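Participant: need a structure here:
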Amino acid sequence: MGRSAKAGPLKSAAVVFGALAFGWLAIELALKPFLDKARAAMNKSDPTRDPDEVDGDGDTSPKKSPSDEDASGDRE
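Facilitator: Below is the predicted model:
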C-alpha cells in the first residue's frame with residue numbers, strides 16, 4: 001500500500017541485471033574449454049605480436065649463445 005513509484009522500475013532493473021550476469025556466468029562456465037581455445041587462438045593471431053620476442057617462460061631477457069660468452073672474456 002505504501003509503495004513508492006520508483007520501487008517498480010528499480011526492482012525490474014535489478015532483476016534484469018542479475019539475469020544478464022547469471023546468463024553470462026553460465027555461458028562462461030559451460031563453454032570454458034572452447035572459449036579458452038578461442039582466446040588462445042586470438043592471442044596467437046595478433047599481427048603486432050612478434051613470436052621471436054616471446055619464449056613462453058616469462059623471461060624476456062635475451063639468451064646468450066656460447067660464442068657470446070667466449071667473446072666477453074669469461075674464459076677460465
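
Participant: List the contacts of the longest helix along the chain.
Facilitator: If you go by DSSP state H, the chain has its longest helix at helix 7-30. For helix 7-30, the external contacting residues (C-beta atoms under 8 Å, 6 or more residues apart in numbering) are residue 35. In this view, the C-beta of every residue, glycine as well, is placed from N, C-alpha and C.

Participant: Toward the C-terminus from it, list the very next helix or strand.
Facilitator: Past helix 7-30, heading to the C-terminal end, the next element that is a helix or strand (DSSP states H and E) is helix 32-44.

Participant: Identify the residues contacting that following helix?
Facilitator: By C-beta under 8 Å, 6+ apart, helix 32-44 touches 28, 49.

Participant: any idea of the angle it forms with helix 7-30?
Facilitator: Orientation note: helix 32-44 sits at an angle of 80 degrees relative to helix 7-30 (axes from the mean of the first three to the mean of the last three C-alpha atoms, to 10 degrees).

Participant: What distance do you get for residue 17 to residue 39?
Facilitator: When distance is defined by C-beta to C-beta, to the nearest Å, residue 17 is 25 Å away from residue 39.

Participant: And residue 50, what's its pLDDT?
Facilitator: Confidence per residue is given as pLDDT, and for residue 50 that number is 73.
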